[in-house]
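Undergrad: Build the 3D model from these lines:
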Amino acid sequence: MAVSLFGYALIAFATRFGLMRAFTALFEAWAIDGTSVQRAPVWAQALYRWHGSLVTVAFAALSLAYAKWLRGLWRLEGALIPMPPARLWGASLSGVCMAVVVAALCLLPDSVRPEWPLTAPRFTGALPVLCVVSLLSTLGEAAFLKRVLFDGLRDQWNGIWAAAVVCGVFWLTGGGLAGGVVAGVNVLLLGLACCRLYARYGFWTSVGFRWGWGLANVFLLGFGGGDAAIYRLYGVSEGLLTGGGAGPMHGLWTTMALVGVIVGLTLGHKGLPENA
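TA: Predicted coordinates:
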């Protein structure tokens, strides 16, 4: 396990830090930045615009290849990525809906406001590409965390220990150290909810929920001011419940929503087979 985690950390460092540093050095050598990029050749503009997505895709591809190799090393049976079932979209929609409900709870007390009217959504050509990049990123993350760590540790120990280790790694890699106490708790709860979904309903349900939650917050609601967002919401107060300008992952509404999902999964009826 320690060696597997070390290899995963190396992949993350080489791509998210090393490759990004290489792009930064390249753009500095070309004297390209946010103010001068419009004067660069079209291909250089495209590279500058999409280099972050290229880094994400590289990390996802290496993570998938690494997870596939590790499943053989850990002697785990079955394919790395099972065939997606029809309910993938239902799981994704569940993640989207939960984020929308949390956003509505932030909008009602006027702690968060839309940058433009909700009756005037905006669509860009970059949105479909970024949605695919987001899915690849989620797949790479889930392939290692669920199909290697969770499956391997559950076979060796049990599901509780497997979930504890996976949630710990997810917390470290998913921004648990970046925010305050509430954000750290919410990252941990999101990881636990995805583990519960994986153990009860299978790989694609877990991936769909995680992907839908990210899509809604970044590309539908635009927390953080993404240029490709359909809407953009910004905080006008530092509310403990809403997270204010820091976004919903820093608010207690998200904490309560995630706790509700986890409790529902714990108390609910047994779902579909794990490999679904």
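
Undergrad: need the helices for this structure, in chain order.
TA: 2-12, 20-29, 42-73, 88-107, 126-144, 151-156, 159-173, 181-201, 203-215, 252-267 (DSSP state H).

Undergrad: Of those, which is nearest Tyr234?
TA: helix 88-107 (10.6 Å; Cβ to Cβ). (Glycine included, C-beta is placed from N, CA and C.)

Undergrad: Name the residues that touch stretch 230-246?
TA: Contact partners of stretch 230-246, identified using Cβ atoms under 8 Å, 6 or more residues apart in numbering, comprise 103, 105-107, 109-116, 118, 121-123, 127, 179, 182-183, 219-223, 225-226, 247-254.

Undergrad: could you flag which of these are buried?
TA: For the contacts of stretch 230-246, burial is judged from neighbour counts taken by 16 or more other Cβ atoms under 10 Å, and it is met by 103, 105-107, 111-112, 114, 127, 179, 182-183, 219-223, 226, 247-254.

Undergrad: Out of the helices of the chain, which gets the lowest mean score?
TA: In terms of average pLDDT, helix 88-107 trails the rest of these, at a mean of 87.

Undergrad: any residues touching it, and which ones?
TA: 112-114, 197, 201, 204-217, 220-221, 233, 235, 239, 241-243, 248, 251, 253-254, 257, 261.

Undergrad: can we see that at 6 Å?
TA: Residues outside helix 88-107 that contact it (Cβ atoms under 6 Å, 6 or more residues apart in numbering) are 112, 204-205, 208-209, 211-213, 216-217, 221, 242, 248, 253-254, 257.

Undergrad: Can you give me the buried ones in it?
TA: For helix 88-107, by 16+ other Cβ under 10 Å, it's 88, 91-92, 94-96, 98-99, 102-103, 105-107.

Undergrad: Using TSV, please lay out those together with distance to Val133.
TA: Rendered in TSV, the data for the buried residues of helix 88-107 read as follows (distance: Cβ to Cβ, whole Å):
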residue	distance to Val133
Leu88	17
Ala91	19
Ser92	15
Ser94	21
Gly95	17
Val96	17
Met98	22
Ala99	18
Val102	24
Ala103	22
Leu105	29
Cys106	26
Leu107	28
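
Undergrad: Specify which member of those residues is nearest to Glu28.
TA: Ala99 (36.6 Å).

Undergrad: Quick one: residues contacting the nearest residue to the closest one once chain neighbours are set aside.
TA: Setting aside the residues directly before and after it, Ala99 is nearest to Ala216 in space (Cβ to Cβ, 6 or more residues apart in numbering), at 3.4 Å. Residues in contact with Ala216 (Cβ under 6 Å, 6+ apart) are 96, 99-100.

Undergrad: That concludes my questions; thank you for your assistance.
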